[in-house]
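Participant: Here is my input, please return the structure:
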Amino acid sequence: DLVVLGTGLPDIEKKITTAMKKFPEYVYANIGFDNAFAQHIYAGCDLTLVPSSFEPCGLVQMISMRYGTPSIVRATGGLKDTVPDVDLDPKQGLGFSFDEFVADELWKAIVRAMKWYKNPKKWRTLTTRCMEQDFSWDSSAKKYLTLYERAAKHI
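Facilitator: Coordinates of the predicted model:
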């Protein structure tokens, strides 16, 4: 099943809305944003798709991980920084990424994710690793402090 929440390119929104009308038992779309509904989606889905053309930071993938939901992301900006590809690094990867902003690349990432999903042991390891991530400001502040202290030694 596919659940879509959010906004994007009008032609893609139209295609998603058309798919929902044609396949209402498999596709649901809410073109817009509803934070309460978003929390239910994060908690109830197996994968989050974040195929952004650009993304300076991105919270969707970090919130998803908190719920144990890996993401499929386009490797750009903060998405690239926060979702290392598990196929490239099976011991530390947190999801699946693709480089080019084209449908075929997204599809290949989805197929790779499905291979992991079909292996319960690997999938559980990945989802647990996602839930263990600490994206809090406390964690970030400690890293910044360490960086500043290192930089201060060179002044």
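
Participant: what's the average pLDDT for stretch 9-20?
Facilitator: Across stretch 9-20, pLDDT averages out at 94.

Participant: before we move on, what about stretch 49-62?
Facilitator: So the average pLDDT for stretch 49-62 ends up being 88.

Participant: just the CA coordinates of it, formatted as CSV?
Facilitator: Extracted C-alpha coordinates of stretch 49-62, given in CSV (Å, rounded to 0.1, in the frame of the first residue of the first chain):
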residue,chain,number,x,y,z
LEU,A,49,10.1,7.7,0.7
VAL,A,50,11.9,11.0,0.7
PRO,A,51,12.8,11.5,-3.0
SER,A,52,13.6,15.2,-2.7
SER,A,53,15.3,17.1,-5.5
PHE,A,54,17.0,19.1,-2.7
GLU,A,55,16.8,19.1,1.1
PRO,A,56,18.9,21.3,3.2
CYS,A,57,18.2,19.3,6.4
GLY,A,58,15.1,17.2,6.5
LEU,A,59,13.3,16.0,9.5
VAL,A,60,11.1,13.3,7.9
GLN,A,61,13.8,10.7,7.8
MET,A,62,14.9,11.4,11.4
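
Participant: So for that stretch, what gets flagged as buried?
Facilitator: The neighbour-count check on stretch 49-62 (16 or more other CB atoms under 10 Å) flags L49, V50, P51, S52, E55, G58, V60, Q61, M62 as buried. All C-beta spots, glycine's among them, are computed from the backbone N, C-alpha and C.

Participant: ok, and what's touching it?
Facilitator: 48, 71-74, 76-79, 82-83, 95, 98, 101, 106, 110, 133, 135 (CB atoms under 8 Å, 6 or more residues apart in numbering).

Participant: show me where the protein has strands.
Facilitator: Remark: strands assigned in the chain by DSSP state E are 2-6, 27-31, 48-50, 71-74, 95-98.

Participant: Format the ones you listed as CSV; extra columns: distance to K118.
Facilitator: Converted to CSV, the strands of the chain look like this (distance: least, CB to CB, whole Å):
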stretch, distance to K118
strand 2-6, 18
strand 27-31, 22
strand 48-50, 18
strand 71-74, 15
strand 95-98, 14
